[in-house]
Every structure is written in structure tokens, then in C-alpha cells.
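In: no sequence for this one, just the structure:
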């Protein structure tokens, strides 16, 4: 496909394909081409796969078939005209009208069904938020709130979602269990090859809340914050955030290390009795156990997270287990139970790391040798690329580091002139040097 837009004459001469022909190009054929359809058009997305902002895995969901069902869930594609502009360069033909009619019929059934709208039960949000898209919800904090409030109110805390917000009934909450997979610690031991389920603990909310409660005040920021500023120079492919995809809160919960210890004790209790009040480890004892664990299991490099909506992410094991890492499993935010928008019933808080690592709606922890799979850990949007790279085909994404601890970020929220004579307003003259007062914020990952 060419970078130049296809002209009208070329479009008139494009062939028509059946869905059966499209399905043969699902990435598994001899030439590994990936075709997909949308709105009666056929596209060859093969060369675009590495550059898909949501990760190649998400794009491949539509390989050899229609895009419509997937965009019904991932509606961020309708927030701008960029997806359509990118697809213009991939157009190779048209879908047989009879096959497109079948796609339209299937979509009509999907949207008309009682469960057809996955966003039907979204939470009510504050009208003060600056909304970039509501299905899924992506909204930032107004600059004046960032300037005025160090602790961001829960109702105005920025929101970054990829999917509909999970909704748990009272029965769901009662039955909820956090899975903690410690099977890596069994590798090489006498029980190798045994039942792996014996290495997976399941902890209730009551058990987690029985652990010593700690509170951590920290800032979360979307990795795309201030992206709109780059758009003035060169167009980007994500949500056009201003400077408000950042907020600060006081989080309450259990230390991650305590949760892992509780899981380990549960698995070690042959009688099925689950300890609910483990003793506090001394700092020296915790450091010694961490060092012993790393020495004994050199392959233990990562802690993986999984959420109720299927999100996968991970952090390095040193950050996860260090008493100086301040990583917690949170169930409170600003002295209130977590709201649905911000992770109810449990959320990982990883101070100093990009917000994508602070997984909401946490359902599983896993000790692992490798970082998490999937777009949120290994995809283009969450890799640190050199500023000169404009095309992901130019680099090996597997060799590029994923987002973890972030660098310094800052923003100016307001600028006012300092008057020479009290409140007297002076007319500014071009070329004149004036004294101004600037207000804003700054944040670095280590703090």
C-alpha cells in the first residue's frame, strides 16, 4: 500500500471480494497477509500491525473478518477521524454486497439485544471533567482543580478506560477472590509436576482487609498526558489529552508483600485454615527475605497483574517486593471505598510508575519469569522508543523497554502579570519585558 491516498480512478478499478476470500487472509496463510473489512470495504492491514496503537494482538482479533463487532466494544475509534485516514491507505477492494448485508444484520442483532450495549451500566460522572470520549470513558481534570487541590477529589480524578467498567453485584462481591499464583516457587522443588492448583491461593476481600492497613499518597498519570501539545507539531494516534490526565490521591490498603505472605501461608496450611493476622515483618527481616528469595529463585523477575476486564500488566520484582517500593493492594481512595471508575473492589498502586501499571479491578497476581503478555505491557503505546522513531517497523519492539518508572513531567496551569503599581492594569507593549507569576504542577516518578 502507498502512503499516497488512492485516487478516484484507482478506487473505481478495485476488485470485489467475498468474505470467504477475506477469511483466507487471516495471518496464517502462506504469505501471512492480514485482511479485514469495514463498511463494505476490504483492507490489507499487514504492514500496519506493528504500528497499531492498541497493540498488534487487538488488531489481529479482526484478522480475516469484519471490524464492526470489535469497534462496537472499542469505540475510541470513533473519537477522531484518524482511524479512517489510516485505513484509506490500506484499501484494496470492496466486500461483496451480500456479505456486507450479513455483517449489517449481525450487528443489528447485536445492538438490539438486551446485552447489546456493553456501556449500558456506566457510572455517573462529574460534569466538571473534560471528556474526550465516553465509551469507553476518557476524561481529564480541569487545570484549575490541579492548581487548587493537591489531593484530587474522587469525583474529579481523571479517568482512563479501555473497556466498559465492570459491575459487581453484592453476590459477586461476596464471592470475589483474588487469585495469587505462586507456582513459580514450586519449580525445581520436590513437588515439581504436581497439582499447580496447590500453588494458587484465593483470598477474600475480608482476608485482605484483615491485614495491617497502610496508606500511600501518590500521583497517577496516563502515559499519554499532554499528547495534544505534540499534535501541534506532528499528529499522534491517541487520546488528545491536555495536561489533566494526572491526579493525586491517598490510597489505603494492604502491603503487596503482606498479601503475598498471606497467600503463601494459606497454601502452606494443610488443614485449610487461613491465617488472618500475620505478624508484621521487621524492615531488616523483610530485606533479608527478599534477598534470599531472589538468590534462591533467579528466574523470578516480574510480578504480573490481571484485571476483571482482561487487562494484563506487570512490574519488576524488585519494585514489587521492596519495602521501599510502597506497592499496595488498595481498597480505599481518599478515605472512601474504591469507586467503580477507579478499580472497585481492588486496585494495585505502584508509586512512581506509569498509571497503566496501577491495574484497576485486580483479579490475579502471579510471580513470573517474563513480563506480562498483551498490548498494555508489550504494545506500541506502552514502549519507550527513541524520539527519532516515527514508524514501529523501524525497530524491534521486543527489544524496546516497557513503561515503568517515569521521568519528570510538568505543566503550567495559569500565568498572570505582576503589576508594578498594585492592581493597576498596564497596557503591554510589544517587545517589552514583563514580570509574570506562573502556577502549575510538576511530578517525577521517584517521588
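Out: That came through, no problem. Because the structure is predicted, anything quoted here is derived from the model rather than measured. Residues are numbered from 1 along each chain as shown.
In: going forward, measure contacts between C-alpha atoms and count neighbours the same way
Out: OK.
In: Quick check: chain neighbours aside, which residue is closest to residue 257?
Out: Closest residue to residue 257 apart from its sequence neighbours, by C-alpha to C-alpha, 6 or more residues apart in numbering: residue 321 at 5.9 Å.
In: Can you read off the backbone torsions of that neighbour?
Out: The phi/psi pair for residue 321 (degrees, to the nearest 10) reads phi -100, psi -20.
In: any chance you could map the helices in the protein?
Out: 8-12, 19-23, 56-59, 68-73, 82-88, 97-112, 143-148, 170-175, 205-209, 227-231, 256-268, 283-296, 317-321, 375-378 (DSSP state H).
In: Which one, of these, ends up nearest to residue 439?
Out: Judged by C-alpha to C-alpha, the one of the helices of the chain that comes nearest to residue 439 is helix 143-148, at 7.0 Å.
In: Show me how far the closest one is from its chain's centre.
Out: 24 Å (C-alpha atoms, centre = their mean, to the nearest Å).
In: got a list of contacts for that helix?
Out: 152, 243-244, 247, 413, 439-441 (C-alpha atoms under 8 Å, 6 or more residues apart in numbering).
In: Which of the residues you listed fall in strands?
Out: Judged by DSSP state E, the subset of the contacts of helix 143-148 located in strands is 247, 413, 439-441.
In: ok, residue 337 - contacts?
Out: Counting by C-alpha under 8 Å, 6+ apart, the residues that residue 337 touches are 331, 344-345.
In: where does the stretch 1-150 of the chain dip in pLDDT?
Out: 1-12, 53-55, 79, 114-116 (pLDDT under 70).
In: Equivalent analysis for the stretch 201-350 of the chain, please.
Out: Within the stretch 201-350 of the chain, the ranges that satisfy pLDDT under 70 run 269-284, 286-287.
In: Swap in 90 and give it another go.
Out: Low-confidence segments of the stretch 201-350 of the chain, defined by pLDDT under 90: 223-224, 227, 229-240, 261, 264-299, 310, 321-325.
In: sorry, back to before: counting neighbours, which of the ones in strands among the contacts of helix 143-148 comes out on top?
Out: residue 247 (24 neighbours; other C-alpha atoms under 10 Å).
In: before we move on, back to that, the residue nearest to residue 257 and residue 290 touch, don't they?
Out: Yes: using C-alpha atoms under 8 Å, residue 321 is in contact with residue 290, at 6.9 Å.
In: So for this structure, the centremost residue is which one?
Out: residue 356 (4.1 Å; C-alpha atoms, centre = their mean).
In: who's in contact with that one?
Out: Residue 356 neighbours (C-alpha under 8 Å, 6+ apart): 222-223, 313, 376.
In: before we move on, the earlier item: identify the farthest-apart pair in the ones in strands among the contacts of helix 143-148.
Out: 247 and 439 (16.3 Å).
In: what's the neighbour count on residue 350?
Out: Other residues lying near residue 350 total 27 when counted by other C-alpha under 10 Å.
In: before we move on, what about residue 175?
Out: Neighbours of residue 175 (other C-alpha under 10 Å): 10.
In: Please report the distance of it from residue 345.
Out: 12 Å (C-alpha to C-alpha, to the nearest Å).
In: Number of residues surrounding the residue nearest to residue 304 when sequence neighbours are not counted?
Out: Excluding the flanking residues, the one nearest residue 304 by C-alpha to C-alpha, 6+ apart is residue 314, at 4.2 Å. Residue 314: 27 surrounding residues under other C-alpha under 10 Å.
In: Likewise for the one 4 residues further on?
Out: Other residues within reach of residue 318 by the criterion other C-alpha under 10 Å amount to 17.
In: Residue numbering should commence at 37 henceforth.
Out: Happy to do that; since the first residue is 37 now, the last one works out to residue 354.
In: So which of residue 357 and residue 326 has more stuff around it?
Out: Of the pair residue 357 and residue 326, residue 357 is the one with more neighbours under other C-alpha under 10 Å, namely 21 against 18.
In: what's the burial count for residue 185?
Out: The number of residues packed near residue 185 is 11, by other C-alpha under 10 Å.
In: Just the residues contacting stretch 194-208, thanks.
Out: So stretch 194-208 is in contact with 109-110, 154-155, 157-159, 165, 171-177, 258, 280-283, 344-345, 376-378, 397, going by C-alpha under 8 Å, 6+ apart.
In: same check, this time on stretch 326-346
Out: So stretch 326-346 is in contact with 199, 201-202, 220-221, 348-354, 356-358, 395-408, going by C-alpha under 8 Å, 6+ apart.
In: 7 Å - rerun?
Out: Contact partners of stretch 326-346, identified using C-alpha atoms under 7 Å, 6 or more residues apart in numbering, comprise 202, 348-353, 356-357, 395-408.
In: Any chance of TSV for the contacts of residue 373, columns distance to residue 433 and neighbour count?
Out: As requested, the contacts of residue 373 are arranged in TSV below (distance: C-alpha to C-alpha, whole Å; neighbours: other C-alpha atoms under 10 Å):
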residue	distance to residue 433	neighbour count
367	35	25
380	33	22
381	34	21
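In: As CSV, those with distance to residue 50 would be great.
Out: Below are these laid out as CSV (distance: C-alpha to C-alpha, whole Å):
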residue, distance to residue 50
367, 56
380, 50
381, 52
